[in-house]
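[1] Need the 3D shape of this:
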Amino acid sequence: MNRPLLKKKLLDTCFQIQEEAVVTAKSAMNEAQDAANEYGPPKDRYDSFRTQLLRKRDMFAQQYQRALDELEILKKIDFDTQYDSVSVGSVVITDQVKMFVSIGLGKFETDGETWFAISPLVPLYKVISGLKPGDEYSFNNKRFKILDVF
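    All right, here's what the predicted structure looks like:
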């Protein structure tokens, strides 16, 4: 499979996963708001149950916004760009794992292969950033060799 096509598939899978997260967070936020509306206005000025419902709504609103922000990050990744070293938007293949540096989605499968979508904010990225094919690195007391970056 050619590199841009593989990267496009990975990006499409990440989009799909992230869009599901956006829908889930928005739905939870709306349900929490509906529950607060059904409960009605505060019964007194110390109505802790209504306050709890609104805090829950605010928590889901933050998750929703974070999911939207990460979706925007994915939109900025160009699947045609080829990289010679590990950076945001690159595909990294080591002797043990395959990674896509984008947003932190964790483990997922595409075409029967296991991949890891990692964020540039995680410690692993700080270790591998700027490395090239042939370079070796150690993470969690394990040795890895980078076979390919694109």
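[2] what about residue 45, neighbour count?
    Residue 45 is flanked by 5 other residues according to other C-beta atoms under 10 Å. To be clear about C-beta, it is placed using only N, CA and C from the backbone, and glycine gets the same treatment.
[3] so where do the strands sit in this protein?
    For the chain, strands defined by DSSP state E occupy the ranges 91-94, 98-101, 106-110, 113-118, 136-139, 142-149.
[4] Could you measure from the residue located most distally from the centre of the chain over to residue 50?
    Relative to the C-alpha centroid of the chain, counting by C-alpha atoms, centre = their mean, residue 44 is the outermost residue, at 41.5 Å. As judged by C-beta to C-beta, to the nearest Å, residue 44 and residue 50 stand 10 Å apart.
[5] follow-up on the earlier one: can you check which of the strands of the chain gets nearest to residue 23?
    strand 106-110 (17.1 Å; C-beta to C-beta).
[6] for that closest one, what is the average pLDDT?
    The average pLDDT for strand 106-110 rounds to 95.
[7] Walk me through which strands it pairs with, and which way each runs.
    strand 113-118 (antiparallel) (DSSP bridges).
[8] How about the strand it pairs with, which residues are buried there?
    115, 116, 117, 118 (16 or more other C-beta atoms under 10 Å).
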